[in-house]
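**Q** Below is the sequence, then the predicted model.
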Amino acid sequence: MIPQIKKVCCIGAGYVGGPTMAVMAKHCDKLEINVVDMDSRKIKLWNSKNLDDLPIYEPELSEIIGECRNKNLYFSTDIKKHISEADMIFISVNTPTKQKGIGAGQASDLKWIESCARQIGSYALGHTIVVERSTLPVKTAETIKSILEVHTVSIDNDKKDYKEFSILSNPEFLAEGTAIKNLENPDRVLIGGEEEEAISALKLIYKNWVHDHKILTTDLWSSELSKLIANAFLAQRISSINSVSALCELTDSNISDVAKAIGLDTRIGSEFLNAGPGFGGSCFKKDISNLIYICNHYGLNQVADYWEQVILINEWQQKRITKIIVEKLYGTISEKKITVLGFAFKPNTNDTRESPSINVCKDLLEEGCILSIYDPKVKKEQIENALEIQNISNNLDSRKINNIIFANTIEEAVMDSDAVIVLTDWDHFYNLDFKKINSLMRAPSWLFDTRNTIDSDQAKLCGFNVWKLGEGK
Ligand code: NAD
Ligand code: UGA
């Protein structure tokens, strides 16, 4: 019999938990959905009256929160209560790369997953379907199962308060900045599991807004692995096109034209062929690192080496940008003012995790320049944290703390700058007022475009020297 799901709990109110549960609440008004987190500050922000204060920015998210919050969608820190009442629990907690110990720098740190499993084991009552939503190393369900088994009290036991668990893998494929669009209309929903009834219960929820043919079912391990491989393939395309961008610059060819020409081949496809300053975001690097760790664990060293190159090219791409800027600005940027446009790892998000801007800014600061940073959604404190301003002032050169200006507008940012570098492709960077910007800068002015956002001819006409990533002509 398919279990009837009335109450859902999602552990983790982050970039995945918040938007996914919001969209589920929007389409399933009969479900009561409780998103819980141990971070009370975050929960307070999710509950803030002013929808501009939600902890994450995603287009269309605040409208859905406004519609569903406190109707069938709730944000709470009462983890025990909501686990105990739930028929289905989604685990959407962070799975970052381990920082120390065995596998440091590569393996996923599963301590948050383990703590969820222990909390669920202790507090859940009756039959509970536990859904892995976080991105996990293949075979993690085995760990969760073995923790939950300790707490299982079978229904045919004399005891009244029985506890039984079914485990599903249901990885999330949303991309930040387009999270709501991806959740409303996913390419596919993947459900892995061993028990038909549990799979059907989750399928029934998705069928409220996702067409049947887009819901794929498989076993637990194929589902867990598919998520890691999807990210590895996406990141590999970016490293491939970025490696070619460098070749274009040296051979008078143009990366956009090359990407267009190859992308029209239906076998290759046109998506994810935009060259840039390397991929950022919280997942690509961590998930490929984890894949490398798993391959080495199974003795597949050549496979591990293959995927490692994707990360190495990404790091190289970021390094070479600073080198080019220094070269173009007569070999030194010491005490020159450089404006950075864009700090988020991609547009339409305020997320800066692993943003290429971090490494490029750190490298530029090392060269002694004054950085002026503008991003429409990233707050000053986030930039300070990302650039480890405290560490810079403690360990290196205390002047550097004064070497960063956080600007509120593009005009303010570019004032007296020697160069502007576009690092995130926010929409309005496609329509920069070159004439005005150039008039505010110190001559000779430079424009470095790492995201193919600017029209070089127009910029040159307005007096700029221009360098575009991947453009040899
Ligand atoms: P996040 O850091 O934004 O949010 C995770 C939240 O879980 C945090 O708020 C944390 O306080 C909370 N948490 C951790 N352990 C907890 C516990 N035991 N009890 C209660 N709360 C707990 O992370 P995220 O970006 O949402 O990513 C979550 C998972 O989803 C990761 O595995 C990630 O790889 C995967 N993923 C992320 C994205 C994305 O776009 N960010 C997309 C697809 C998949
Ligand atoms: C990525 C995947 O696209 C999602 O499917 C996945 O669910 C998610 O990771 C995850 O597991 O966390 P995300 O990192 O949010 O999503 O954003 P992407 O659009 O994939 O961009 C990642 C990085 O690659 C960004 O820095 C972006 O600027 C860069 N990128 C992307 C390029 O440089 N070129 C491209 O053509 C595409």
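**A** Thanks, I have it. Residues are numbered from 1 along each chain as shown. Ligands and ions are numbered 1, 2, ... in the order given.

**Q** Low-confidence regions, the stretch 201-350 of the chain specifically.
**A** For the stretch 201-350 of the chain, no stretch is flagged by pLDDT under 70.

**Q** got the residues of it near ligand 2?
**A** Proximity of the stretch 201-350 of the chain to ligand 2 (Cβ under 6 Å from any ligand atom) is limited to residues 231, 234, 238, 272-274, 276, 279-281, 283-284, 345-346. (Glycine included, C-beta is placed from N, CA and C.)

**Q** of all those, which comes closest to G299?
**A** Distances from G299 to these, taken as Cβ to Cβ, are shortest for N231 (22.7 Å).

**Q** Name the helix or strand for the closest one, please.
**A** Per DSSP states H and E: N231 is located in helix 220-250.

**Q** Show the pLDDT at the spatially closest residue to G66 that is not a sequence neighbour.
**A** Leaving aside its chain neighbours, G66 sits nearest to L51 (5.5 Å; criterion: Cβ to Cβ, 6 or more residues apart in numbering). We have a pLDDT of 96 for L51.

**Q** With T152 instead?
**A** 87.

**Q** hang on, it packs against I167?
**A** No - in this structure, T152 is not within contact of I167 by Cβ atoms under 8 Å, at 11.8 Å.

**Q** so where do the helices sit in the stretch 1-150 of the chain?
**A** Counting by DSSP state H, counting those that start in this stretch, the segments of the stretch 1-150 of the chain that form helices are 17-27, 40-46, 61-68, 79-85, 111-123, 140-151.

**Q** Could you pull up the residues touching the closest residue to ligand 1 within the stretch 251-400 of the chain?
**A** Nearest residue of the stretch 251-400 of the chain to ligand 1: C283, at 4.7 Å (Cβ to the nearest ligand atom). Contacts here follow Cβ atoms under 8 Å, 6 or more residues apart in numbering; on that basis C283 touches 135, 231.

**Q** Near ligand 1, which residues of the stretch 51-200 of the chain are found?
**A** For the stretch 51-200 of the chain, the contact set with ligand 1 under Cβ under 6 Å from any ligand atom comprises 79, 92-95, 112, 115-116, 119, 134-135, 172, 174, 176.

**Q** now with 8 Å?
**A** Within the stretch 51-200 of the chain, the residues that sit near ligand 1 (Cβ under 8 Å from any ligand atom) are 56, 79, 92-96, 108, 112, 115-116, 119, 133-136, 171-176, 179.

**Q** from these, which are also near ligand 2?
**A** Among those, ligand 2 is touched by 135, 171-176, 179 when using Cβ under 8 Å from any ligand atom.

**Q** Tell me which entries of these lie within helices.
**A** A179 (DSSP state H).

**Q** Just the closest of the ones next to ligand 2 among the residues of the stretch 51-200 of the chain next to ligand 1 to I205, please.
**A** For these, the nearest to I205 is E172 (14.2 Å; Cβ to Cβ).

**Q** May I see the PyMOL selection of the buried members of the ones next to ligand 2 among the residues of the stretch 51-200 of the chain next to ligand 1?
**A** Only the buried entries of these go into this PyMOL selection, using 16 or more other Cβ atoms under 10 Å:
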select buried, resi 135+171+172+173+174+176+179
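
**Q** Columns pLDDT on top of the ones next to ligand 2 among the residues of the stretch 51-200 of the chain next to ligand 1, output as CSV?
**A** Shown next, in CSV, are these (pLDDT from 0 to 100):
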residue, pLDDT
T135, 96
P171, 98
E172, 98
F173, 98
L174, 98
A175, 97
E176, 94
A179, 97
